[in-house]
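Q: no sequence for this one, just the structure:
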């Protein structure tokens, strides 16, 4: 199981990464949406956790670009951001976000969302099989 963490804050990436690794998950780190798209060209990930406010390419633009790529459009993405505004949350869901958490988040909240998205992904795969 490989998780991509996309966040411009090095501390946030490191904390989330350490926790996910402690749970036996592989982690790929990206500093912004552009960096994430470049890494996705060589990395297969199962779930993406992305911030919204980032330089070069923010989380919403990254999500739109990801959803436009046929081979990667189905990767579950959840936003982890300081944006608690209802309009921002709606924008994220319209762009294709699967879930949304407002920082600060606990490690348990992150794992809970990952489990929920995996359950949803596997049940959809079983339905289409």
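A: Ah, there it is. Predicted model only: the values in this text are computed from it and were never measured.
Q: show the end-to-end separation of stretch 31-45, please.
A: Distance between the boundary residues of stretch 31-45 (Cα to Cα, to the nearest Å) amounts to 16 Å.
Q: tell me the pLDDT at the spatially most central residue of the chain?
A: A centroid search over the chain (Cα atoms, centre = their mean) returns residue 49, at 2.1 Å, as the residue closest to the centre. According to the per-residue confidence, residue 49 scores 96 in pLDDT.
Q: please enumerate the helices of this structure.
A: Shown for the chain, the helices assigned by DSSP state H span residues 10-22, 33-40, 59-67, 86-95, 107-128.
Q: surely the residue nearest to the centre of the chain meets residue 111?
A: No - counting by Cβ atoms under 8 Å, residue 111 is not a contact partner of residue 49; they are 11.0 Å apart. C-beta coordinates here come from the backbone N, C-alpha and C atoms, glycine included.
Q: okay, and for this protein, where does confidence drop off?
A: Per-residue confidence of the chain (counting by pLDDT under 70) places the weak regions at 122, 124-129.
Q: repeat that for 50
A: Flagging of the chain using pLDDT under 50 yields an empty set of residue ranges.
Q: gap between the closest residue to residue 27 other than its chain neighbours and residue 74?
A: Using Cβ to Cβ, 6 or more residues apart in numbering and skipping the chain neighbours, the partner closest in space to residue 27 is residue 17 (4.6 Å). As for residue 17, its distance to residue 74 is 24 Å (criterion: Cβ to Cβ, to the nearest Å).
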